[in-house]
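Asker: okay, structure incoming, though there's no sequence with it:
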């Protein structure tokens, strides 16, 4: 169990995964504004800026001011970013569970829900 949790943490929900999500969104909606991206991801402007700065430093995205509205910042994938988005497209966390049958996935869902409910109840009692 511990090894499974470790694997999922490092392959399904960490900071790099947030960057991958942004690359995927930009591959589908090139030129989206930074504000629109923030809304899609439901994150604060500061968080978006931090992640976008890292992606820009890696040469994966470029930012440009809109010609129609100078306050608007549009986001674009670079060629390197397009390649990275294509490569990371196969890293979908849902694919981690494809080895399980539908029935096994449902059992796992039920067990995880049971654990989560137990943890939340214990937390609320403290």
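Answerer: Good, I have the coordinates. These figures come from a predicted structure and were not determined experimentally.
Asker: tell me how many other residues crowd residue 81.
Answerer: 23 (other CB atoms under 10 Å). Using the backbone N, CA and C atoms, a C-beta is placed for each residue, glycine as well.
Asker: got a list of what it touches?
Answerer: With contacts taken as CB atoms under 8 Å, 6 or more residues apart in numbering, residue 81 has the following neighbours: 23, 26, 55, 59-61.
Asker: give me the subset of these that lies in helices.
Answerer: With helices taken from DSSP state H, the overlap with these comprises 23, 26, 55.
Asker: in space, what's closest to the second one - neighbours in sequence excluded?
Answerer: Looking back up the chat, that one is residue 26. With sequence-adjacent residues excluded and distances taken as CB to CB, 6 or more residues apart in numbering, residue 26 is closest to residue 77, at 4.9 Å.
Asker: how about the secondary structure of residue 76?
Answerer: strand (DSSP: H, G, I helix; E, B strand; the rest coil).
Asker: beta partners of it?
Answerer: The residues listed as beta-bridge partners of residue 76 by DSSP bridges are residue 62.
Asker: wait, it sits on residue 29?
Answerer: No - counting by CB atoms under 8 Å, residue 76 does not reach residue 29; the two are 10.4 Å apart.
Asker: of the ones in helices among the contacts of residue 81, closest to residue 107?
Answerer: residue 23 (33.1 Å; CB to CB).
Asker: surely the closest one and residue 77 touch.
Answerer: Yes - counting by CB under 8 Å, residue 23 sits close enough to residue 77 to count as a contact (6.8 Å).
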